[in-house]
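Novice: here is my input, please return the structure:
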Amino acid sequence: MTKRKNKSRNNFVEYNKQMFKDYKKSIKHAIFDETLTLYILRPIAFVFVKMLYPTNITPNQVSLITIIVGIISGYFFSRGTLTCFVLGGSLYFLCMVTDCVDGMIARLKNSGTAVGRIIDGFADYVVGISAYVGLGIGLSISGHQLSFSLNISHWTLLGIAAVSQIFHSMLVDYYRNEFMSHGMGKRKSTWEDKKHFTEELDKIKHKKGNLLEKILIGGYLGYSHLQVFHLDEKEEYDSEKYYGANHMLIRLWFWIGPTAHAFVFIISAILYRPIIFFIYTIGVANIWMIVLWIIQVKKNKKILITSNCL
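Specialist: Here you go, the predicted structure:
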């Protein structure tokens, strides 16, 4: 009896060790993920990963599922009722989970591709646009008052919020990539990433077919072009100094990243108080962005070694 218990306990321990090993393999380096993604979304997503791993479902198919669910979420937001806002918010949360699932499966199966990464980003944009448009229509139907007696329509507020969130996401993505490159040597810098995809596009642009791939890479290069502020210069830093100056700042940037915005969006939808999202995105997050950007620029200027013209 005792031997059976010990064997059962050992099997349980080994099973948990293997699960933890698979989980660690499926996630990115911790600095790649926003705090909410790492501690909330990834553990939930791993349950779906273990369910889908034995199947033939590919990461790109999971991205397609994310797009479909995101569009359905936008439809529920467009209905404007409390129940539909709750359903829309719940489905939007599911999109965030499945958005993690595709990459985690790719890492476990070692099947990730550069184009797959772009498709994943494309899915994020489709889901985000669906949610924003759905929210706008829903606000029109429900008659929510959001302008604090100012003569501003909710569509104007949505436009300001959308532009704000785009800037926040671009800055977070840019400084995260730069930190991983200059501070940790874990990946290419934004400059090197842009060069890689430019070369990839040059290889296929004169070939017949691959139209979707060309469009996706072209769109990504346009996004990278907007991210790089000094378009004629490549900056170089001492990695230890860069890490020391920026390891806390990058964590602070995450609180205005895409996941943070999405969580506030979901909470405001479930509470049926969309004003919470507008206050955060247009007010709090923009102030946060300006303060962090000023600090970031000053810190990096102090530790910059050289800027090489390309």
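Novice: flag the shaky bits of the stretch 201-310 of the chain, pLDDT-wise.
Specialist: 201-202, 204-234, 306-310 (pLDDT under 70).
Novice: which stretches in it count as strands?
Specialist: Using DSSP state E, counting those that start in this stretch, the strands of the stretch 201-310 of the chain run over residues 233-237, 304-309.
Novice: how does this structure divide up, domain by domain?
Specialist: 16-141, 153-192+226-310 (automatic domain parsing).
Novice: can you tell which of the ones you listed is closest to Lys203?
Specialist: domain 16-141 (11.6 Å; C-beta to C-beta). No exception for glycine: its C-beta is placed from N, CA and C like everyone else's.
Novice: what pLDDT, on average, does that closest one get?
Specialist: Taken as a whole, domain 16-141 carries a mean pLDDT of 89.
Novice: could you say which helix or strand holds Phe85?
Specialist: helix 82-109 (DSSP states H and E).
Novice: from the chain's centroid, how far away is that helix?
Specialist: Taking C-alpha atoms, centre = their mean, to the nearest Å, one finds the center of helix 82-109 at 12 Å from the center of the full chain.
Novice: that one - contacts with which helices or strands?
Specialist: If contacts are counted by 3 or more C-beta pairs under 8 Å, 6 or more residues apart in numbering; DSSP states H and E, helix 82-109 sits against helix 2-26, helix 42-52, helix 59-79, helix 114-142, helix 258-270.
Novice: mind listing what's buried in stretch 72-89?
Specialist: 72-80, 84-89 (16 or more other C-beta atoms under 10 Å).
Novice: tell me the buried residues in the helix holding Phe85?
Specialist: 84-89, 91-108.
Novice: residue contacts, Pro274?
Specialist: 135, 139, 144, 146, 268 (C-beta atoms under 8 Å, 6 or more residues apart in numbering).
Novice: I'd like these as a markdown table, with distance to Thr66 and neighbour count appended.
Specialist: Listed next are the contacts of Pro274 as a markdown table, based on distance: C-beta to C-beta, whole Å; neighbours: other C-beta atoms under 10 Å:
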| residue | distance to Thr66 | neighbour count |
| --- | --- | --- |
| Leu135 | 18 | 25 |
| Leu139 | 24 | 21 |
| His144 | 28 | 16 |
| Leu146 | 28 | 17 |
| Ser268 | 21 | 21 |
